[in-house]
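Student: Sequence and computational prediction follow.
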Amino acid sequence: MRPDERIDYQAWLWGQILLTGLLGATLALFLAHPGLHTFYDLPRLGLVLRTIGALAGGLLALLTGVRFSVEGRRLDLLLSIGFLVQSVATVAFLIAPTLGGASLRAPEAWAGILGGLVGMALIATAPFVRGRAKSREWALGNALVLAAIVLVLGWAFLHSAAPSLPPLSPLHSAGQPFQLTTVLAFQALLNLVALVGFGARFRRYGEDLDRWLALGATLTLFASLHAVFTPLLAWSYVSQGDFLRMLAYAVLLVGAWRAIRFAEFGRAVAEERARVAREIHDGLAQYLFAVSTHASMLESGADPAKTLPRLKAAAEAAQQEARFAILALSSASGTAPFDAALRRYVEFLTADGALAVDIEIDTTIRLAPDEQIEIFRIVQEGLANVRRHANATHAEVTIGQRPFGERYVTILDDGDGFDGDERDAGQGLKNMRARAESIDGGFTLTSRRGHGTALEVVLR
């Protein structure tokens, strides 16, 4: 582990120790003094809490499912299916049967409890599973079908075995059935397994989501222990364990939201790296290639009087290109450096006199850094196309602003032009269109054979 990761893990570990100690001491206090453990006979509040838990679990299933569809990790698949099974079981067996005011029957109660247990088993298994699914759609679809089959078959079995099931509503007089205590104890054990698993994953990989999942497992562990040692008198009652479970869902939602934010940040970083790589390839690498080519020509015995000036010009262009790229990729604003770089490129392009280019830039226009570099590349690509393909002798580049504030870039030439589909203009046109779209700009191209070509980019 790196020093910063070690510090982060140690801080989390001490926090877990303090939280576990606090929750453990609270539970021990309630066990030593049963009178302190309060129950509230609020059936509507109990229904609201179960509904909130089901909605939170469904949202967690959705978030982890989205992450699985992007990254394909089996961990996220098990988390998504686990939270989904818990939510569906709660809605189908613990909420829906009581909406009309009816009491909860034994088959529904047991189906809801065991459905939550199956979901918790999937969640507890998740931190110990590694690797990625080869086919994400196939894996997710099969997992959903399997979960549905398990729920349906479990409900059918419990419904057929209804006469032999211990009654769970109301839970009074004889106390909590031994079977229910056993199930709740096993659920607490699964919470403990999840806590250890996600804690170990956080230590190994340092992923932020694992930290929050471990924290949520800690809260649900003590919520389950409250249910084991201080059972409810009836399903309409709520207690401290129910509020701990709600707090656990809130913690898990925060962790999932942070994971999505970090994934978005990672995607943005990857896109920025790809853009920088493209800029180096399209700009600086081309000039360095020219420098290398001229140096090789000198080694092969080319005339220094002709080759050295070209080598020097290519080296100066590479230096200018590097300066512009560094500036444009930073947070610099204004048009003076951009103006100078673009004019320098035009001078380099027209040095041999084969093409004359007039350039006009409105100095009052403000261009964002991303606009500067993309406009520079569009002009670079457009003039290169004019020089290579249009047989033009003159071109005009204008960066201006219309009366209503609309900023635009135009490239006009007096070349041969072309008729037909825009695809006739080749890959260069596609590159320019893609660059315009990357800065939310509009792109149009007008050309007629024998009448030149007009290209316009309207900026955001």
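Tutor: That came in fine, so what should we check first?
Student: Can you name the next helix or strand after the helix or strand bottoming out on mean pLDDT in the chain?
Tutor: When each helix and strand of the chain is scored by mean pLDDT, DSSP states H and E, strand 40-41 comes last, with a mean of 60. As assigned by DSSP states H and E, the chain's next helix or strand after strand 40-41 is helix 43-71.
Student: which ones are touching T218?
Tutor: 16, 19-20, 23, 191, 195 (C-beta atoms under 8 Å, 6 or more residues apart in numbering). All C-beta atoms are positioned from the backbone trio N, CA, C, and that covers glycine.
Student: Likewise for D76?
Tutor: Applying C-beta under 8 Å, 6+ apart, we find D76 in contact with 64-65, 67-68, 126.
Student: How much space separates the nearest residue in space to it that is not next to it in sequence from E396?
Tutor: Counting by C-beta to C-beta, 6 or more residues apart in numbering, F68 is the residue found nearest to D76 once chain neighbours are left out, at 3.7 Å. Distance, F68 to E396, using C-beta to C-beta, to the nearest Å: 53 Å.
Student: Likewise for G199?
Tutor: As judged by C-beta to C-beta, G199 and E396 stand 66 Å apart.
Student: Who has more neighbours out of those two?
Tutor: Between G199 and E396, counting by other C-beta atoms under 10 Å, G199 is the more crowded of the two (22 against 15).
Student: need the contact list for the closest residue to Q240 other than its chain neighbours.
Tutor: Once flanking residues are discounted, Q240 sits nearest to H226: 5.8 Å by C-beta to C-beta, 6+ apart. If you count contacts by C-beta under 8 Å, 6+ apart, H226 has them with 27, 30, 239-241, 244.
Student: could I get the residues you listed as a markdown table with neighbour count, secondary structure and distance to V458?
Tutor: Formatted as a markdown table, the contacts of H226 follow (neighbours: other C-beta atoms under 10 Å; DSSP: H, G, I helix; E, B strand; the rest coil; distance: C-beta to C-beta, whole Å):
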| residue | neighbour count | secondary structure | distance to V458 |
| --- | --- | --- | --- |
| L27 | 19 | helix | 66 |
| F30 | 18 | helix | 68 |
| S239 | 20 | coil | 63 |
| Q240 | 18 | helix | 62 |
| G241 | 24 | helix | 61 |
| L244 | 21 | helix | 57 |
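Student: Generate JSON lines for those residues, with distance to D76 as supplementary columns.
Tutor: Converted to JSON lines, the contacts of H226 look like this (distance: C-beta to C-beta, whole Å):
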{"residue": "L27", "distance to D76": "32"}
{"residue": "F30", "distance to D76": "36"}
{"residue": "S239", "distance to D76": "33"}
{"residue": "Q240", "distance to D76": "31"}
{"residue": "G241", "distance to D76": "28"}
{"residue": "L244", "distance to D76": "25"}
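Student: Can you tell me which of the residues you listed is closest to A434?
Tutor: L244 (52.1 Å; C-beta to C-beta).
Student: And the closest residue to the closest one other than its chain neighbours, how far from A217?
Tutor: The shortest distance from L244 to any non-neighbouring residue, by C-beta to C-beta, 6+ apart, is to A223 (4.0 Å). Distance of A223 to A217, given as C-beta to C-beta: 10 Å.
Student: could the contacts of T218 be laid out in TSV, adding pLDDT?
Tutor: Formatted as TSV, the contacts of T218 follow (pLDDT from 0 to 100):
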residue	pLDDT
Q16	90
L19	90
T20	91
L23	89
N191	92
L195	93
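Student: tally of neighbours for the residue nearest to D76?
Tutor: 24.
Student: Quick check, it in contact with L140.
Tutor: Yes - with contact defined as C-beta atoms under 8 Å, F68 reaches L140; the gap is 6.6 Å.
Student: okay, and the common contacts of these two?
Tutor: In terms of C-beta under 8 Å, 6+ apart, F68 and L140 are both contacted by the residues 77, 80.
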